[in-house]
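> Pasting the sequence and the predicted coordinates here, then a few questions.
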Amino acid sequence: MLIKSDISLQPVTISRDHELATYNPSPPVYLISYASGHDVFFKNQATLSYSALNKGIDHIFQFRRNHIDPVFYEKNKATLEIKSGGGYWLWKPYFIAKMLNEIPENSILIYADSAVIFYKPITKILDLLKEHDIILLQDGCPRKGYGTIGQKTKRELLQFLEMDTPDIRQRPGNWACLFIFKNTPNARKFADRWLELSQNLKILSPAMIDFKIQHPELICHGADQSIAGLVAEQMKEKVYYIHSDMLRELGIQNVHRHPNRQYISTLPYIFRIFKINEWFYNSKIIQTIRSWFYEN
C-alpha cells in the first residue's frame, strides 16, 4: 500500500506532448468539488483531489461556502442556510455555471461530489468529449434497471416547466454526483438555466410539496438533481448519458463516505487493493484504532 500510494514514485500518466519539439496546444482540464458541514466531507474532498493527481487533470479547485459570492449568497440566503444538502445543493449549479463562464472556450470542466474518487487516467473521458459537450450520469444501468424522472421529481416542478407528461416521467433520471462538460455555448446554456431554476425555492425544495397532487410513482424530490434532469430533457439532443456500469471503464467510483463511515480509508478504492481492504486495512479493529487515534 505504501509503495502504490507514493505519488512521487508513480509513473507519469499525462500526455508526453510537452516533450515534443513542435508546440501542440490542448484544452485545459478543470476538476471542481465542494465541501461543507461535517469534517468527513472535507476529508472526502481532499481525498478526491489526491486521487485526481497524475490522471490528466490540470487544475483542481476545492470550493467551500466562503467562496460563494456575497451578493449571490445574500440573494439566496434563505436557501443556502437550509441544513439539508448545504442549501439544497444550490451551490452545485452555482459553481458549475461560474466556472464555465470563466474558463477558456472548449476547455474541460468535471464536477464531482466530494465522495467520488478517480482511479484511472481520464483518457476515456476526453475521448467522449470529442463528440459530446454535456455528459450526465444516468440513475441506474441496464444491468440493474433505471430510476425514472417521475420517481424523483415533484409535480410542481414538472408543471412549472410544462413537462408533466407520462413520456417525460418515464424517462430515465440522472444522478448529480458527476457532471462533465466541454465549455461551449450549449454547456453554458445548460448550466445557466439549471442555476436560474434552482434559485426558485418553490420548485427546488423537497419540503415544499403538495402530496395531494403528486403522481403515484413519486419516491422523493431530488432538488437540484431533479431540475438538472429536466433541463437535460429540454436539451436532450445536446446531452450524452453514461450509466453507472460505465464508471468502471472511466475509472471513477463514488465511495459514499458519510460520518458513520469516516474511519474507513479510501486508499484501497483508489489503488484497487480489495483483498487487503477486506482482510485488514478497513477491518473493524483497524477502524476502532483509527477512531481512538484521531479522537484522543
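Nice, thanks for sending it over.
> what ranges do the strands span in the protein?
29-35, 59-64, 108-112, 116-118, 134-138, 140-141, 145-146, 174-182, 239-242, 252-254 (DSSP state E).
> pLDDT (mean, whole number) over the third one?
For strand 108-112, the mean per-residue pLDDT is 99.
> Okay, now the sheet partners of that strand, with direction.
Each strand paired with strand 108-112, and its direction, by DSSP bridges: strand 29-35 (parallel), strand 174-182 (antiparallel).
> Residue ranges in the stretch 151-296 of the chain under the pLDDT threshold?
275-279 (pLDDT under 70).
> just to revisit the earlier point, mind putting the strands of the chain into JSON lines with mean neighbour count?
Yep, even glycine has a C-beta here, placed from its N, CA and C like the rest. Formatted as JSON lines, these follow (neighbours: other C-beta atoms under 10 Å):
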{"stretch": "strand 29-35", "mean neighbour count": "22"}
{"stretch": "strand 59-64", "mean neighbour count": "16"}
{"stretch": "strand 108-112", "mean neighbour count": "24"}
{"stretch": "strand 116-118", "mean neighbour count": "24"}
{"stretch": "strand 134-138", "mean neighbour count": "21"}
{"stretch": "strand 140-141", "mean neighbour count": "16"}
{"stretch": "strand 145-146", "mean neighbour count": "14"}
{"stretch": "strand 174-182", "mean neighbour count": "23"}
{"stretch": "strand 239-242", "mean neighbour count": "18"}
{"stretch": "strand 252-254", "mean neighbour count": "21"}
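> JSON lines for these, including distance to P268?
Listed next are the strands of the chain as JSON lines, based on distance: least, C-beta to C-beta, whole Å:
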{"stretch": "strand 29-35", "distance to P268": "21"}
{"stretch": "strand 59-64", "distance to P268": "22"}
{"stretch": "strand 108-112", "distance to P268": "19"}
{"stretch": "strand 116-118", "distance to P268": "10"}
{"stretch": "strand 134-138", "distance to P268": "23"}
{"stretch": "strand 140-141", "distance to P268": "23"}
{"stretch": "strand 145-146", "distance to P268": "29"}
{"stretch": "strand 174-182", "distance to P268": "20"}
{"stretch": "strand 239-242", "distance to P268": "24"}
{"stretch": "strand 252-254", "distance to P268": "11"}
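> quick one: which of the ones you listed is nearest T13?
Nearest of the strands of the chain to T13, taken as C-beta to C-beta: strand 116-118 at 10.8 Å.
> Mind giving me the packing neighbours of the closest one?
Under the contact definition 3 or more C-beta pairs under 8 Å, 6 or more residues apart in numbering; DSSP states H and E, strand 116-118 sits against helix 39-52, strand 252-254, helix 267-271.
> which non-adjacent residue is nearest A46?
For A46, ignoring the flanking residues on the chain, the nearest one in space by C-beta to C-beta, 6 or more residues apart in numbering is Q62 at 7.5 Å.
> My guess is that neighbour contacts S49. True?
Yes - counting by C-beta atoms under 8 Å, Q62 does reach S49; the two are 6.0 Å apart.
> so what's in contact with these two at the same time?
Residues touching both Q62 and S49 (C-beta atoms under 8 Å, 6 or more residues apart in numbering): S33.
> dump the residue contacts of the residue nearest to A46.
Q62 makes contacts with S33, A35, Q45, A46, S49, as judged by C-beta under 8 Å, 6+ apart.
> beta partners of V239?
I134.
> swap in I110?
With DSSP bridges as the rule, I110 is bridged to L31, I180.
> got it, and Q62?
Assessed by DSSP bridges, Q62 has beta-bridge partners S33.
> Against L53, how distant is it?
13 Å (C-beta to C-beta, to the nearest Å).
> P166 now?
Distance from P166 to L53, by C-beta to C-beta: 46 Å.
> One more: T288?
Using C-beta to C-beta, T288 is found at 30 Å from L53.
> cool, and M235?
Applying C-beta to C-beta, the value for M235 to L53 is 33 Å.
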